[in-house]
Structures are given as structure tokens and as C-alpha cells.
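> Dropping a prediction and its sequence here:
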Amino acid sequence: MNTKSKGNIGEDIACKFLEDKNFKILDRNFYFKGGEIDIIAYKNNTLHFIEVKSGFGFEPIYNITPSKIKRIIKGAYIYMRQKGFTSSPFCIDAIIVKGESVENYSIEYFPNLTL
């Protein structure tokens with residue numbers, strides 16, 4: 001299975017997790033010049049820009065770097081401007097999907113990441 005396929009599976013798992021927690025999924029794979037935001041969701045009057053990292057056999061949290069968070073923040077402002085959410089509160093979250101296989105995994109949710 002290639003990296004993109006694993007990433008898509010991780011994002012599908014993350015979306016299901018979020019929906020089970022009463023998040024409304026607004027968008028997936030929002031591309032902008034310089035990056036991408038995996039999932040954009042809404043809950044409790046707050047936009048959540050969510051980075052999903054999945055890994056089977058290693059620790060994917062280490063792939064979320066300060067420069068990655070800065071790119072997500074840039075993308076968040078672009079998304080809010082394009083979609084008319086200019087005065088909405090927002091936060092940057094991460095979901096880590098990890099395990100030994102796609103059938104045997106765990107999820108960790110990290111809300112409101114900061115630099």
C-alpha cells in the first residue's frame with residue numbers, strides 16, 4: 001500500500017472519529033499555494049483545521065513540525081477568507097492514527113496546537 005492510500009485511510013478513520021464526537025466535516029483536502037489542510041470541521045462555534053498523520057510501525061506525531069503548523073495557519077486564513085468565516089474563532093488540531101495495521105489501530109486527538 002502506498003503512502004497516499006495510507007493517508008486516505010487515516011483521513012477516513014479521522015473523519016469517522018470526529019463525526020462520532022459531533023464535529024461537522026466541512027471540507028477535506030483543502031489545497032492552497034504552499035500546502036494542504038487535511039480536514040476542516042466545525043463544532044461549538046469554532047472552526048477546526050485538522051492535520052492527520054497516520055503511521056503503522058512508527059510514531060507519526062514527529063511529522064508535525066512548527067513549519068507545518070505555520071503553513072496550516074496560513075491555509076486557515078485563506079480558507080476563512082474564501083468561505084466567508086472572517087470573524088470565526090478557529091484552532092489547529094491534530095489526529096494521529098497509528099498501529100500495526102489498518103485493521104488494528106489507535107487514534108490520538110490533539111486539540112488546539114500552538115507554536
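Received it, and whenever you're ready, just let me know what you need. Residues are numbered from 1 along each chain as shown.
> contacts for the helix or strand hosting Gln82?
Using DSSP states H and E, Gln82 sits within helix 66-83. By C-beta atoms under 8 Å, 6 or more residues apart in numbering, the residues outside helix 66-83 that reach it are 26-27, 30, 32, 34-37, 40, 47, 49, 51, 85-86, 88, 90, 92, 113, 115. In short, each C-beta sits where N, CA and C put it, glycine included.
> Can you point out the buried residues in it?
Lys68, Ile69, Arg71, Ile72, Ile73, Gly75, Ala76, Ile78, Tyr79, Met80 (16 or more other C-beta atoms under 10 Å).
> Ok, stretch 12-20 next?
In stretch 12-20, counting by 16+ other C-beta under 10 Å, buried: Ile13, Ala14, Cys15, Leu18.
> now the helix or strand containing Ala14: how far from the chain's centre is it?
When elements are assigned from DSSP H and E, Ala14 belongs to helix 3-20. Relative to the chain's own centre, helix 3-20 is displaced by 9 Å; criterion: C-alpha atoms, centre = their mean, to the nearest Å.
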